[in-house]
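>>> Need a 3D model of the sequence below.
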Amino acid sequence: MSSIPATSLLRRRLHHSSTSNGIRRILSTPTRARASRSLSTFSSYEYPNRTEAPEVTRTIAKEVGDKVLERGSPLTPETVHARGADDDDRFDDLGRLSAQDRLATKSKLPPLNTTLSGATAIEPTAPAYIPVLSSHDKLKVPTTEITCLANGMRVVSQETYGQVSTVGVVADVGSRHEPQWGVAHLWELVAFGATQRHSSGLEIQELLQDWGGTRFVNTGREQSLVCIDILRPNVEKAVQLLQAVLLEPKFLPEEVEDAKRTMEFQSLDLPPELQMEEALQTAAYGLDQQLGKPHYCPMEHLSTLNADVLRNFWNHNVLAHPQDIVIGGAGIGHEQLVDLTLQYFGDWPSAAVDSKSAQQSVRTKPSLYRGGQCFLEKPSSDGFTRVALAFELDGWHSEDLVPTCVLQTLLGGGNSFSAGGPGKGMYSRLYRQVLNRYQWAESAEAFTSIHAESGLWGITGSSQPKHSRDVIHVLADHLARLSMELVTDEELDRARNMLKCNVLTQLESRLVLFEDLGRQVLTYGHREDMDTTCRKIDAVTKEDLQELARKAIQKPPTLAAVGEGLDKSNIPSQEEVARWFQGI
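Next comes the predicted model:
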């Protein structure tokens, strides 16, 4: 007796009981007749929610011809021939109107050659501000151009030959420079508020909508960014608005109070990942140093913020330092951007308030890495405990910057569940050797946090609280192995290719290009071309990665955790973790 797979038996049982018996019991005679013709193709295994067989219709292409069926009509010869003279009634696709209603509706529609009031005719020639469409061999290859103005400001731009431009400002000011916690975060929320020429932020928002633009603001620990993405004809209006936002802000008390309420809500609902980042910086550098201060204002410090504090911060750190400002543009000619900058920002020193420059001290004070631990007992909505283990690396000007990025890409990682297709690091080391191996590991991901004088490199992970110690053991093991064993050629090639792919793909975005232009010029004084960057990535060797990891683990580790159950049984101390790496 031949064996039959269980799935085949299930299909036969469902087909027999739901189709044959069910149809005989509850369906009408016409329906049974139609169903009997389709029994060969219908089963309730394939259509589990159907109580009758689907109606299967067939027709031949030549019977349809060039006729267009009504939306939702079954494709049968009868429906095709029944349309008759009403084939041109496209406004009644569902066939819900009577013949009289269709005629009445058609009589109210204007003819197609009607002239619309207020419409602008398409001119035969494009306006001067729109780049001429030409083949790529006739266009100049876009390059980065930089100009330094007399007041110390720098202007950087790169053409994209598009119809939309991004212009903005990158400033050397961040949360490390604030006298009171949360001032930089407060400015991020009121940046496009009232100015000397605009009564409120709502007025600015309406102007941007009229101009076809949108604005972006971001503050970090060291740099801040404000930009406008706008239709190319309105670039000058955008630069003029940036002048008002940067040089003429009012910082109205009512707008500041609204922003503080927003900060309060954000503090109550700060994602665990951001809490982890804050804890990691505090553990690595300490609250008494600039890099160890929190970027997001703690709830208990909101009462210390007001309009005067924000105004003093802005006057001291921005208006008094035009040399720490970069005007950037992506998708705009360099000469045009320089002219606009001279027109609206050329007299910046005379527009700035008296900042008592003789009494000013150096704004950026170097922070020394210490290493340590910071545990935040804050239950998360998903019930997971998040941990991070990190070591110090050098800052932005280090020769190890590119190898650090390659090593981060090689480790990769992410969440245990990842929706989507390939190309997201599923073959990185942390995915293959952690997430795919340990069922209790909910996430594992490498990270870097680079600053001017120092940086952090490590791995974060999450799990149920009872497995937090296991996660830290696994993370420490992988960091130690990098210092003792060479990575494989396959891993290195994959990491280098993926890093180049990520960098080049992101730079296809106009906003990312603007940010890269501004931040590189502000940090290095120039922008490195992509050919040079790719050559540096290709030059990284296995020995470079091993030496980088070996130097890193010689320093004290930094340990941070956010979640619940952070006792000694679940989380090892920083001193215990440091002993794990002794002798390596």
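>>> Show me which residues of stretch 318-328 are buried.
Taking 16 or more other Cβ atoms under 10 Å as the neighbour-count basis, stretch 318-328 is seen to contain the buried residues V318, L319, A320, H321, P322, D324, I325, V326, I327, G328. Where you see a C-beta, it was placed from the backbone N, CA and C, and this is true even at glycine.
>>> so how far is Q196 from the third one?
Just to be clear, that refers to A320. According to Cβ to Cβ, to the nearest Å, A320 stands 19 Å off from Q196.
>>> related to what we said a few turns ago, can you put the buried residues of stretch 318-328 in TSV and add distance to P294?
Output for the buried residues of stretch 318-328, formatted as TSV (distance: Cβ to Cβ, whole Å):
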residue	distance to P294
V318	21
L319	25
A320	25
H321	24
P322	29
D324	23
I325	26
V326	26
I327	30
G328	28
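>>> Greatest separation within those: which pair is it?
By the measure Cβ to Cβ, A320 and G328 form the most distant pair in the buried residues of stretch 318-328, at 21.0 Å.
>>> What are the boundaries of the strands in the stretch 401-550 of the chain?
Residue ranges of the strands in the stretch 401-550 of the chain, as given by DSSP state E, counting those that start in this stretch, are 413-415, 443-450, 455-463.
>>> mind exporting the second one as PDB, just the C-alpha atoms?
Output for strand 443-450, consisting of C-alpha atoms alone and laid out as PDB, is shown next (Å, rounded to 0.1, in the frame of the first residue of the first chain):
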ATOM      1  CA  SER A 443      19.500  42.300  19.400                       C
ATOM      2  CA  ALA A 444      23.300  42.700  18.900                       C
ATOM      3  CA  GLU A 445      24.800  45.600  17.000                       C
ATOM      4  CA  ALA A 446      28.200  47.200  16.700                       C
ATOM      5  CA  PHE A 447      28.400  51.000  17.100                       C
ATOM      6  CA  THR A 448      30.800  53.900  17.100                       C
ATOM      7  CA  SER A 449      30.500  57.300  18.700                       C
ATOM      8  CA  ILE A 450      33.300  59.600  17.500                       C
END
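>>> helices or strands up against that strand?
Using 3 or more Cβ pairs under 8 Å, 6 or more residues apart in numbering; DSSP states H and E as the contact criterion, the neighbours of strand 443-450 among helices and strands are helix 272-285, strand 385-393, helix 401-411, strand 413-415, helix 429-430, strand 455-463, helix 468-484.
>>> what's the least confident stretch among these?
Between the helices and strands packed on strand 443-450, the lowest average pLDDT goes to strand 413-415, which shows a mean of 89.
>>> what stretches of this protein score poorly on pLDDT?
Judged against pLDDT under 70, the low-scoring parts of the chain cover residues 1-96, 110, 112-124, 126-131, 350-361, 418-424.
>>> Turn the buried residues of stretch 318-328 into a markdown table, including distance to I553 and secondary structure.
Conversion of the buried residues of stretch 318-328 to a markdown table gives the following (distance: Cβ to Cβ, whole Å; DSSP: H, G, I helix; E, B strand; the rest coil):
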| residue | distance to I553 | secondary structure |
| --- | --- | --- |
| V318 | 40 | helix |
| L319 | 44 | helix |
| A320 | 42 | coil |
| H321 | 38 | coil |
| P322 | 43 | helix |
| D324 | 35 | helix |
| I325 | 39 | strand |
| V326 | 36 | strand |
| I327 | 42 | strand |
| G328 | 38 | strand |
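>>> and which of these is nearest V190?
Checking the buried residues of stretch 318-328 one by one against V190 (Cβ to Cβ), the nearest turns out to be V318, at 13.7 Å.
>>> list the contacts for the closest one?
Residues counted as contacts of V318 (Cβ atoms under 8 Å, 6 or more residues apart in numbering) are A171, V173, L246, I325.
>>> name the element the third one belongs to?
Taking DSSP states H and E as the definition, L246 sits inside helix 235-247.
>>> The helix or strand following that helix: how far from the chain's middle?
For helix 235-247, the following helix or strand on the C-terminal side (DSSP H and E) is helix 253-268. Shown here is helix 253-268, whose average C-alpha point lies 24 Å from the average C-alpha point of the whole chain (Cα atoms, centre = their mean, to the nearest Å).
>>> relative orientation of helix 253-268 and helix 272-285 in degrees?
Computed by axes from the mean of the first three to the mean of the last three Cα atoms, to 10 degrees, the angle separating helix 253-268 from helix 272-285 equals 90 degrees.
>>> Which positions within helix 253-268 qualify as buried?
When neighbours are counted by 16+ other Cβ under 10 Å, the buried residues of helix 253-268 are found to be E255, V256, A259, K260, M263, Q266, S267.
>>> for those residues, which one is nearest I230?
Once Cβ to Cβ is applied, the member of the buried residues of helix 253-268 that ends up nearest I230 is E255, at 23.2 Å.
>>> Which parts of the protein belong to which domain?
Here the domain assignment for the chain is 8-66, 145-352, 372-580, based on automatic domain parsing.
>>> Go ahead and measure how far stretch 329-347 is from the middle of the chain.
Centre to centre, stretch against its chain (Cα atoms, centre = their mean), the figure for stretch 329-347 is 28 Å.
>>> Can you tell me what sits against it?
145, 147, 149-151, 153, 155-162, 164-168, 232, 235-236, 239-240, 242-243, 247, 322, 327, 510-511, 513-514, 517.
>>> swap in stretch 273-283?
221, 291-296, 371-376, 378, 386, 388, 390, 449, 456, 460, 558-562, 574.
>>> Okay, and which of these map to strands?
Using DSSP state E, 372-376, 386, 388, 390, 449, 456, 460, 558-562 are the members of the contacts of stretch 273-283 that sit in strands.
>>> So how do I select the buried members of these in PyMOL?
Only the buried members of these enter the following PyMOL selection, criterion being 16+ other Cβ under 10 Å:
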select buried, resi 372+373+374+375+376+386+388+390+449+456+460+558+559+560+561+562
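>>> coming back round to it: out of the buried residues of stretch 318-328, flag the one nearest to A578.
A578 has its nearest neighbour among the buried residues of stretch 318-328 in D324, at 38.1 Å by Cβ to Cβ.
>>> From H316, how far out is the closest one?
Distance, D324 to H316, using Cβ to Cβ: 12 Å.
>>> Show me the beta-bridge partners of the nearest residue to I146 once chain neighbours are set aside.
Leaving aside its sequence neighbours, I146 sits nearest to V156 (Cβ to Cβ, 6 or more residues apart in numbering; 4.8 Å). On the basis of DSSP bridges, V156 is bridged to I146, G328.
>>> Now render the contacts of V318 as TSV, adding distance to D308.
Formatted as TSV, the entries for the contacts of V318 read as follows, by distance: Cβ to Cβ, whole Å:
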residue	distance to D308
A171	21
V173	18
L246	19
I325	23
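>>> Determine which two of the residues you listed are furthest apart.
With Cβ to Cβ as the measure, no two of the contacts of V318 lie farther apart than V173 and L246, at 11.2 Å.
>>> Comparing the two, which shows the higher neighbour count?
Here V173 and L246 are compared on neighbour count by other Cβ atoms under 10 Å; more neighbours surround V173, at 25 against 22.
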